[in-house]
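Trainee: Just to be clear, the model below is a prediction. Sequence and coordinates:
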Amino acid sequence: MRHFLTLKDFTKDEILEIIEVGLEIKKDLKAGIYKEQLKNQTLAMVFEKSSTRTRVSFETGMFQLGGHALFLSNRDIHLGRGEPIKDTARVISSMCDMVMIRTFAQSMIEEFAEYSKVPVINGLTDSFHPVQLLADYMTLVEYNVSENIIAAYVGDGNNMTHSWMILAAKLGFELRIATPKGYEVDAAVLEEAQKIAKTSGAVITTSHDPKEAVKGATVVTTDTWTSMGQEAEKNERIKIFNGFMVDDKLMSLAQKGVKFLHCLPAYRGLEVSEEVFEQHSGIVFDEAENRLHAQKGLMVWLDKQRKNS
Ligand code: CP
Ligand code: NVA
């Protein structure tokens, strides 16, 4: 049985296969075909942080696959009152067929997975946001720009950056990261990504220079400067991140036809200018919609693995 806690545990072929399954299901959906691959199954969704896209996409996705999703906020379940993770995992996984968790520490979902009898999916932690990267890559495939990617990530070294690093390392593309000093990516994740990159041919670089990163890029991406849980640092971060906004001037250094991605929610006038965001809003909202399709692919894929195990 497989869990989906980070992309580190998946091979390039597996990542591409999950996206392929998602694209197949998307095609069916657009044609009005519902195969109900997860009929009568229940997905438990544990949320310790806010969400728009993750909740709507998993809940809708599960329904469209013939199953049911349970929204479990930590304000409502005993986990939020101190019931141990390992007990919560054993209870939920004795009744549900899959679990999606959005939380703070990566170690929380790892512990949950250790005690879970069913697949656990990372719906975002402080360290990684792997389901978002499935949707992001699916979008690049659909826009026919998934070959010879030169990606630039400009902004905070956070869960999104870490996930881009692992995706680049696994799939073997170039990723240039530019963060302000003091907001670099996690050194251990970088080391791990570089190790994987050695076998895939990926080139991952880090700097403090957004222009250097974006020059000649085919894909530019960014994320909020203030992630969930960092709200108290917001004003300080806005000052420190001055010069890291993805605006027209920065985008003009990229390759012609460059694609802009943003996991959303986007804060205009901070990590991205209103102009750049609106100019690329077509692909950005396709990227958001692809959360639904990519995660349906993931859930069907994990269910198949579980049945074969
Ligand atoms: N991109 C993303 O995960 O959005 P939500 O926080 O709204 O789920
Ligand atoms: N880095 C952001 C991503 C939101 C989808 C956060 O963790 O809040």
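Mentor: Alright, I've got the coordinates. Ligands and ions are numbered 1, 2, ... in the order given.
Trainee: Run through the helices of the stretch 151-300 of the chain in chain order.
Mentor: Using DSSP state H, counting those that start in this stretch, the helices of the stretch 151-300 of the chain run over 159-171, 187-200, 210-214, 234-240, 248-251, 274-279, 281-308.
Trainee: Residue numbers of the stretch 201-309 of the chain in contact with ligand 1?
Mentor: With the criterion set to CB under 6 Å from any ligand atom, the stretch 201-309 of the chain comes near ligand 1 through 263-264. All C-beta atoms are positioned from the backbone trio N, CA, C, and that covers glycine.
Trainee: hmm, back to that, using JSON lines, lay out the helices of the stretch 151-300 of the chain together with distance to residue 51.
Mentor: Converted to JSON lines, the helices of the stretch 151-300 of the chain look like this (distance: least, CB to CB, whole Å):
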{"stretch": "helix 159-171", "distance to residue 51": "13"}
{"stretch": "helix 187-200", "distance to residue 51": "23"}
{"stretch": "helix 210-214", "distance to residue 51": "28"}
{"stretch": "helix 234-240", "distance to residue 51": "19"}
{"stretch": "helix 248-251", "distance to residue 51": "28"}
{"stretch": "helix 274-279", "distance to residue 51": "20"}
{"stretch": "helix 281-308", "distance to residue 51": "10"}
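Trainee: most neighbours per residue, which of those helices?
Mentor: Counting by mean count of other CB atoms under 10 Å, helix 159-171 has the highest mean neighbour count of the helices of the stretch 151-300 of the chain, with a mean of 26.
Trainee: For my notes, please list the helices of the stretch 151-300 of the chain in a markdown table and give mean pLDDT for each entry.
Mentor: A markdown table is the format used below for the helices of the stretch 151-300 of the chain (pLDDT from 0 to 100):
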| stretch | mean pLDDT |
| --- | --- |
| helix 159-171 | 98 |
| helix 187-200 | 98 |
| helix 210-214 | 98 |
| helix 234-240 | 98 |
| helix 248-251 | 98 |
| helix 274-279 | 98 |
| helix 281-308 | 98 |
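Trainee: I'd like the distance between whatever residue of the stretch 51-200 of the chain ends up closest to ligand 2 and residue 203.
Mentor: In the stretch 51-200 of the chain, the residue that lies nearest ligand 2 is residue 158 (4.6 Å; CB to the nearest ligand atom). Distance from residue 158 to residue 203, counting by CB to CB, to the nearest Å: 21 Å.
Trainee: ok, these two, which is more surrounded?
Mentor: Neighbours were tallied for residue 158 and for residue 203 using other CB atoms under 10 Å; the higher tally belongs to residue 158 (23 against 15).
Trainee: what separates the more buried one from residue 37, distance-wise?
Mentor: Taking CB to CB, one finds residue 158 at 33 Å from residue 37.
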